[in-house]
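**Q** coords please:
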Amino acid sequence: METIVCNTGPIIALAGINKLDLLKSFYKTVIIPEPVHYEILAGEKSFTGLAEYKKATWLDIRKLNRDTEPLLAKLLDEGEASVIHLACELGIKNIIMDERKGRRIAREIYGLTVTGTIRILIDAKKAGLISNLTVALQDMKSHGYWIHDKIIQAAINEVGD
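**A** Residues are numbered from 1 along each chain as shown. Below you'll find the model as predicted:
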């Protein structure tokens, strides 16, 4: 089991369907940069999974030791930039991020390994941690998490749901 740095979107998506604990099943430590933590708390009124997030005391919320690189700060929002920055600062090669631009920058410029919320759910289905991927994905959509229909169909096809 590895340590991973996680962005806002996957936390919102998983906590919104009461599946945040899946991260504990796959990772030894889940680090949340402080800007991501504050971004999650700022969405209090619209975030249905906030109670689950707050009770996840196993999440490791970390301050950045120095300012985010100017390139990251210019190209990405604060949460995504802080995830990449903190992963590099700590020497962690794995991050969880859903946003396409951030994923591309993390992989191509910083050499990070990127996974996303859908991959976590696919792996959870394959490991028997969730019984129905289709229901989990539809729940995420109904809670306002945007997922392209092609991605949903590819995930469903992969697990044979």
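**Q** Sort out which residues of the top strand by length along the chain are buried, please.
**A** Counting by DSSP state E, the longest strand found in the chain is strand 27-33. Across strand 27-33, burial judged by 16 or more other C-beta atoms under 10 Å covers 27, 30-33. All C-beta spots, glycine's among them, are computed from the backbone N, C-alpha and C.
**Q** In TSV: these, plus pLDDT and distance to Leu121.
**A** Listed next are those as TSV, based on pLDDT from 0 to 100; distance: C-beta to C-beta, whole Å:
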residue	pLDDT	distance to Leu121
Tyr27	96	14
Val30	98	16
Ile31	98	20
Ile32	97	19
Pro33	97	23
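**Q** coming back round to it: which residues in the helix or strand just after the longest strand of the chain does the neighbour count mark as buried?
**A** Using DSSP states H and E, the next helix or strand after strand 27-33 towards the C-terminus is helix 34-42. By neighbour count with 16+ other C-beta under 10 Å, helix 34-42 contains the buried residues 35-40.
**Q** For these, name the two members farthest from one another.
**A** Pro35 and Ile40 (9.9 Å; C-beta to C-beta).
**Q** any idea how far the biggest helix by length in the chain is from the chain center?
**A** The helix that spans the most residues within the chain, counting by DSSP state H, is helix 78-90. Centroid separation for helix 78-90 versus its chain: 13 Å, with C-alpha atoms, centre = their mean, to the nearest Å.
**Q** ok now the very next helix or strand once past it, how far from the chain's centre?
**A** Sequence-wise, the next helix or strand downstream of helix 78-90 (DSSP H and E) is strand 94-96. With C-alpha atoms, centre = their mean as the basis, strand 94-96 stands 8 Å off its chain's centre.
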